[in-house]
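Enquirer: structure, please.
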Amino acid sequence: MATKKLKIHPQGPFLSPLVAGMMRLHDWNLSLPDRIDFVEFCIEQGITSFDHADIYGGYQNEAIFGEIIKERPDLRENIELISKCGICLTTENRPENRIKHYNTTAEYIRQSVDNSLRNLNTEYVDLLLIHRPDPLMNYSEVAECLMSLQESGKVNYVGVSNFTPSQFDLLQSKLDIPLVTNQVEYSLMHINPIYDGTFNQAQKMEYKPMIWSPLAGGRIFHEDSEIAGRIRHSLHQLSEKYDASPDQIALSWILRNPANPIPILGTGNRERIVSAVTSMKLQLERQDWFELLRAVRGHDVA
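Expert: Reported below is the predicted structural model:
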């Protein structure tokens, strides 16, 4: 099932309606030919956008993916590369980091972008996100840096990740270019964006939010908790009604939101990817959507 790309903001860019998350690429232990084959498989499924961050795989995953582009440069024009920066991890290859922290200084952002471009074997990233809001962030400095990076051609579009609406508004107020998305956590186990203003803002600003951990890292299906048990019970009931798997129902519930969220899939399993693509065909009835919301909250809406 091929899928059409979506314009995630009135001023661009286009991304696939599902995004391939590369956070666990290093765990999949794929050979280079297998990695190339995986990217081609995703493209065949209509998944052309690949979500990275400088820190993934202990700062190694972008280079692992970059080997694909080096071997097959023709693939670059068929995909969109997303990267994030601003989190600093304590790893062996970053001995200067004594403690996990954030760094959103202009110098650090520029350095991170240059590292990502080199590791990914590309001259530009399609979308750069500030990974986390930094308590020490100088919003004017970050804005100037982002505009400079776009002007240089190293970054086509900019956005944020895990920002509150007020943090998003503050950074946007300093920019002459749009923040085209906010990548946030959203799933049946984490419904905050519905109520904290995030999705309201997305509709107001006409951007499509990107969604990380749309299946709650699998907790929906195996966590031994009251809420997970209620969710599983409702998912299985609806699975019979729609002749779909529980994971497809869970993704369909996310996609039903009028903010038009774009889920990031964190799997390298092809069957799960095909299942996710198929879920886009489902359209949950309104009352079924609220049935799952009741399962999440443990009570009906007021």
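Enquirer: so what touches stretch 243-255?
Expert: Outside stretch 243-255, the residues within contact range by CB atoms under 8 Å, 6 or more residues apart in numbering are 186-188, 211, 214-215, 220-221, 231-232, 235-236, 238-239, 242, 261, 263, 272, 275-276, 278-280, 282-284, 289, 292. C-beta coordinates here come from the backbone N, C-alpha and C atoms, glycine included.
Enquirer: where exactly do the helices run in the stretch 1-150 of the chain?
Expert: 32-44, 56-59, 61-71, 106-120, 139-152 (DSSP state H, counting those that start in this stretch).
Enquirer: show me what the helix or strand hosting Asp169 is in contact with.
Expert: Asp169 belongs to helix 165-173 when assigned by DSSP states H and E. The contact list for helix 165-173 (CB under 8 Å, 6+ apart) reads 130, 133, 139, 142-143, 160, 163, 178-179, 182, 196-198, 200-201, 205.
Enquirer: quick check: mean pLDDT across that helix?
Expert: The average pLDDT within helix 165-173 is 98.
Enquirer: show me what secondary structure element comes after it.
Expert: Assigned by DSSP H and E, the successor of helix 165-173 is strand 179-185.
Enquirer: so how far is that following strand from its chain's centroid?
Expert: Remark: strand 179-185 is offset 8 Å from the chain centroid, using CA atoms, centre = their mean, to the nearest Å.
Enquirer: buried sites along the host helix or strand of Ile194?
Expert: For Ile194, the element it lies in under DSSP H and E is helix 192-195. Neighbour-count burial for helix 192-195 flags Pro193 (criterion: 16 or more other CB atoms under 10 Å).
Enquirer: cool, stretch 122-139 as well?
Expert: 122, 124-134, 137, 139.
Enquirer: show me what contacts the residue nearest to Phe290 when sequence neighbours are not counted?
Expert: Closest residue to Phe290 apart from its sequence neighbours, by CB to CB, 6 or more residues apart in numbering: Val301 at 6.8 Å. Val301 makes contacts with Phe290, Leu293, Arg294, as judged by CB under 8 Å, 6+ apart.
Enquirer: any idea how far Val301 is from Pro73?
Expert: Distance of Val301 to Pro73, given as CB to CB, to the nearest Å: 52 Å.
Enquirer: cool, and Phe50?
Expert: 15 Å.
Enquirer: quick one, which of these two is more surrounded?
Expert: Taking other CB atoms under 10 Å, Phe50 and Pro73 do not tie; Phe50 has more neighbours (24 against 11).
Enquirer: surely the more buried one touches Leu81?
Expert: Yes: using CB atoms under 8 Å, Phe50 is in contact with Leu81, at 5.8 Å.
Enquirer: could you pick out which of the buried residues of stretch 122-139 are located in strands?
Expert: Val125, Asp126, Leu127, Leu128, Leu129, Ile130 (DSSP state E).
Enquirer: where in the chain is pLDDT low?
Expert: Within the chain, the stretches with pLDDT under 70 are 1-2.
Enquirer: before we move on, back to that, flag every buried residue along the helix holding Asp169.
Expert: Pro165, Gln167, Phe168, Leu170, Leu171, Gln172.
Enquirer: try stretch 63-78
Expert: Those would be Ala63, Ile64, Phe65, Gly66, Ile68, Ile69, Arg76, for stretch 63-78 by 16+ other CB under 10 Å.
Enquirer: how about these in JSON lines, adding distance to Thr267?
Expert: Converted to JSON lines, those look like this (distance: CB to CB, whole Å):
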{"residue": "Ala63", "distance to Thr267": "21"}
{"residue": "Ile64", "distance to Thr267": "16"}
{"residue": "Phe65", "distance to Thr267": "16"}
{"residue": "Gly66", "distance to Thr267": "21"}
{"residue": "Ile68", "distance to Thr267": "18"}
{"residue": "Ile69", "distance to Thr267": "21"}
{"residue": "Arg76", "distance to Thr267": "23"}
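Enquirer: ok, the residues you listed vs Leu18, which is closest?
Expert: Phe65 (17.5 Å; CB to CB).
Enquirer: OK, contacts around that closest one?
Expert: The neighbours of Phe65, taking CB under 8 Å, 6+ apart as the test, are Met22, Leu25, Arg35, Phe50, His52, Asn119, Leu120.
Enquirer: how near is Lys4 to Thr278?
Expert: According to CB to CB, Lys4 and Thr278 sit 15 Å apart.
Enquirer: tell me which of these two has more neighbours.
Expert: Neighbours per residue (other CB under 10 Å) separate Lys4 from Thr278, with Thr278 holding more: 16 against 8.
Enquirer: ok, Arg256 touching Trp289?
Expert: Yes: at 5.3 Å, Arg256 and Trp289 qualify as touching, with contact defined as CB under 8 Å.
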